[in-house]
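Asks: Sharing a sequence plus its predicted fold:
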Amino acid sequence: MPNREHIEMDTAFRQLLRKMSNEWTKCVDRSFSKSQFLILEILSKEGPQKISSLADALFITAGAVTGMSDKLIASGFSERIRTEEDRRCVYLAITEEGRQMVASMGAYRHNIIERMLQGLTDEDMSNMTRIFSHMINNLDADEPSDKK
């Protein structure tokens, strides 16, 4: 059974996630998700990508990326392109409108992060990074032997 500190940490973490999500939706239409922004950000930084590569980078299914890609294309933020070498291979690329959205939302995200981290020392942030990495590693590890 979780102790009081676990419950308090879990509550604080869920509250932080909720507040971060609310900050995101203040700036963008609810139909434009954080995952769609991350797709555009990857396309902006790395160039055209296969759906499967985007799915791997975002830890989601290719089907989910396809659905988001359809919305990004309909909004004019991205486009599908084919290579001359293999016309069967389809890539997703960012448009100029998409680049403008990445710049705008990137600045907004930076502002949120600056506000969120205000007053924390470099040591605090280093400790948070270490703790988050440790938690991720715990979740990535094989199941504990008592659950096998």
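Replies: Nice, thanks for sending it over. Residues are numbered from 1 along each chain as shown.
Asks: who does the helix or strand of the chain with the lowest mean pLDDT touch, helix- and strand-wise?
Replies: Least confident helix or strand of the chain, by mean pLDDT, DSSP states H and E, is helix 4-27 with a mean of 86. With contacts defined as 3 or more C-beta pairs under 8 Å, 6 or more residues apart in numbering; DSSP states H and E, the packing partners of helix 4-27 are helix 96-117. For the C-beta atoms, the positions are set from N, CA and C on the backbone; glycine is no exception.
Asks: can you list the residues that contact the next helix or strand after the helix it packs on?
Replies: Later in the chain than helix 96-117, the nearest helix or strand by DSSP states H and E is helix 122-140. With contact meaning C-beta atoms under 8 Å, 6 or more residues apart in numbering, helix 122-140 is reached by 117, 120.
Asks: Now helix 122-140: buried residues?
Replies: Buried residues in helix 122-140, counting neighbours by 16 or more other C-beta atoms under 10 Å, are absent.
Asks: For it, the averaged confidence score.
Replies: For helix 122-140, mean pLDDT is 92.
Asks: and if you look at stretch 97-107?
Replies: 92.
Asks: just checking, Arg99 touches Ser44?
Replies: Yes: using C-beta atoms under 8 Å, Arg99 and Ser44 qualify as a contacting pair, with a distance of 5.8 Å.
Asks: Roughly how far does Leu16 sit from Lys45?
Replies: 26 Å (C-beta to C-beta, to the nearest Å).
Asks: swap in His134?
Replies: Separation of His134 from Lys45 (C-beta to C-beta): 27 Å.
Asks: Met20 too?
Replies: 22 Å.
Asks: the more surrounded of those two?
Replies: Met20 (14 against 9; other C-beta atoms under 10 Å).
Asks: And for the more buried one, nearest residue in space, chain neighbours not counted?
Replies: Excluding its sequence neighbours, the residue lying closest to Met20 (C-beta to C-beta, 6 or more residues apart in numbering) is Ile112, at 7.0 Å.
Asks: Brilliant, that's me finished.
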